[in-house]
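Chemist: Sharing a model that was predicted from the sequence below.
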Protein chains: 2
Amino acid sequence: MNVYSDEYFMRIALKQAQIAFENEEVPVGAVITYDNKVIAKGHNLCEKLTDFTAHAEMQVLTSASSYLQNKYLNECTLYVTLEPCVMCAGATFWTRIGRIVFGASDEKRGFLSISKKILHPKTIVTGSVMENECSFLIRSFFQQKR
Amino acid sequence: MNVYSDEYFMRIALKQAQIAFENEEVPVGAVITYDNKVIAKGHNLCEKLTDFTAHAEMQVLTSASSYLQNKYLNECTLYVTLEPCVMCAGATFWTRIGRIVFGASDEKRGFLSISKKILHPKTIVTGSVMENECSFLIRSFFQQKR
């Protein structure tokens, strides 16, 4: 396996999603890379923080900007196990993130259900990376909740 | 003036926007009310925090949920001096906020330029409250920056 493949970084995001699962959070994990290095990783914390803005993507966007001391993340890639929602996609717009790689699609709440125009025009999107593993985790979570 | 009028609460949001202006932040302020009481107020902190997710609305949504110990804000009203962007409108969706009252329109970056469907279907929106005062502050900020 190429150490810098999308699967490599998605696997790290998936580990974060598993931590969320174990903590009874909707299991979504995210990673931000810069120059092929992980500079931020995190997972959904909405339940723990009683805060709907605490999605995995929001955590890592905040962390990455802090780490780089730069509000703009145009040279970074966001890896996230689930298609970002409108809030998170809207956040990536402001950061002008270079690339978004997501795992499972979210037909109901994903930003693509509203408009691809939500993203910055320079942001490149790749979907369906390790889709089965990512969606299996989410399906298992909601089946267990029922 | 009715103490519980939209203008009354927008004036408090506008004071927050003025604090942002004085701190060289894009001057947007926000307030959340519950039962006609201000439970959260804040302003844009993107420059100070080097973080594009630090919009005024995000601050107050986080604060209000923390105050009420409830992720859902369906009985609350968000007052904000500028039409929310896609990120912030997307955040209000998750909170199911009862009502959004905004001042100035933002034809370029406001959520209405993408779709009103970004909001939760039960959220009621009122625009143009103290529009002149709110947009004057923003115009002054960008004129000063040029």
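Modeler: Cool, the structure landed.
Chemist: Low-confidence ranges, chain A, go.
Modeler: Within chain A, the stretches with pLDDT under 70 are A:1-2.
Chemist: Identify the residue nearest the most centrally placed residue in chain A in space, chain neighbours excluded?
Modeler: The centre of chain A sits closest to A:Val80, judged by CA atoms, centre = their mean, with a distance of 2.6 Å. Nearest non-adjacent residue to A:Val80, counting by CB to CB, 6 or more residues apart in numbering or on different chains: A:Ala30, 4.3 Å away. All C-beta spots, glycine's among them, are computed from the backbone N, C-alpha and C.
Chemist: what ranges do the helices span in chain A?
Modeler: A:6-22, A:46-49, A:56-68, A:86-95, A:131-145 (DSSP state H).
Chemist: can you list contacts of the longest one?
Modeler: By CB atoms under 8 Å, 6 or more residues apart in numbering or on different chains, the residues outside helix A:6-22 that reach it are A:1-2, A:26-31, A:33, A:38, A:41-45, A:56, A:77, A:79-81, A:101, A:103, A:126, A:129-130, A:133-134, A:137, A:140-141.
Chemist: Enumerate the positions of that helix that are buried.
Modeler: A:Asp6, A:Tyr8, A:Phe9, A:Met10, A:Arg11, A:Ala13, A:Leu14, A:Gln16, A:Ala17, A:Ala20, A:Phe21 (16 or more other CB atoms under 10 Å in any protein chain shown).
Chemist: Same question for stretch A:113-131.
Modeler: A:Ile114, A:Ile118, A:Leu119, A:His120, A:Thr123, A:Val125, A:Val129, A:Met130.
Chemist: Same question for stretch A:41-55.
Modeler: A:41-46, A:49-55.
Chemist: which of those sit farthest apart?
Modeler: Largest separation among the buried residues of stretch A:41-55 by CB to CB: A:Lys41 and A:Thr50, giving 22.3 Å.
Chemist: Backbone dihedrals for A:Glu83, please?
Modeler: phi -50, psi 130 (degrees, to the nearest 10).
Chemist: does it really touch A:Ile114, like I thought?
Modeler: No. Using CB atoms under 8 Å, A:Glu83 makes no contact with A:Ile114, being 11.4 Å away.
Chemist: quick revisit: narrow the contacts of helix A:6-22 to those that are buried.
Modeler: A:26-31, A:33, A:38, A:41-45, A:56, A:77, A:79-81, A:101, A:103, A:129-130, A:133-134, A:137, A:141.
Chemist: out of those, which are inside strands?
Modeler: A:29-31, A:33, A:38, A:41-43, A:77, A:79-81, A:101, A:103 (DSSP state E).
Chemist: which among the residues you listed gets closest to B:Phe93?
Modeler: For these, the residue nearest B:Phe93 by CB to CB is A:Val80; the value is 18.1 Å.
Chemist: Go ahead and confirm the closest one touches A:Ile32.
Modeler: No. Contact criterion CB under 8 Å: A:Val80 and A:Ile32 do not qualify, at 9.4 Å.
Chemist: ok, and what's touching stretch A:29-40?
Modeler: By CB under 8 Å, 6+ apart, stretch A:29-40 touches A:4, A:9-10, A:12-20, A:41-44, A:56-57, A:59-61, A:63-64, A:67-68, A:73, A:75-81.
Chemist: if we can go back for a sec, I'd like the ones in strands among the buried ones among the contacts of helix A:6-22 as a markdown table, with distance to B:Arg109 appended.
Modeler: Converted to a markdown table, these look like this (distance: CB to CB, whole Å):
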| residue | distance to B:Arg109 |
| --- | --- |
| A:Gly29 | 29 |
| A:Ala30 | 24 |
| A:Val31 | 27 |
| A:Thr33 | 27 |
| A:Val38 | 30 |
| A:Lys41 | 29 |
| A:Gly42 | 26 |
| A:His43 | 29 |
| A:Thr77 | 24 |
| A:Tyr79 | 26 |
| A:Val80 | 23 |
| A:Thr81 | 28 |
| A:Val101 | 25 |
| A:Gly103 | 29 |
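Chemist: so who does the residue nearest to the centre of chain A touch?
Modeler: Contacts for A:Val80 were tallied using CB under 8 Å, 6+ apart; they are A:Ala13, A:Val28, A:Gly29, A:Ala30, A:Val31, A:Ala56, A:Glu57, A:Cys88, A:Ile100, A:Val101, A:Phe102, A:Gly103.
Chemist: Show me which residues of chain A sit near chain B.
Modeler: Proximity of chain A to chain B (CB under 8 Å from any CB of the partner chain) is limited to residues A:46, A:49-53, A:58, A:61-62, A:65-66, A:69-71, A:85-91, A:93-95, A:114-115, A:117-118.
Chemist: re earlier: switch the buried residues of helix A:6-22 over to CSV; also include distance to B:Gly110.
Modeler: Output for the buried residues of helix A:6-22, formatted as CSV (distance: CB to CB, whole Å):
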residue, distance to B:Gly110
A:Asp6, 34
A:Tyr8, 39
A:Phe9, 34
A:Met10, 33
A:Arg11, 38
A:Ala13, 31
A:Leu14, 35
A:Gln16, 33
A:Ala17, 33
A:Ala20, 32
A:Phe21, 36
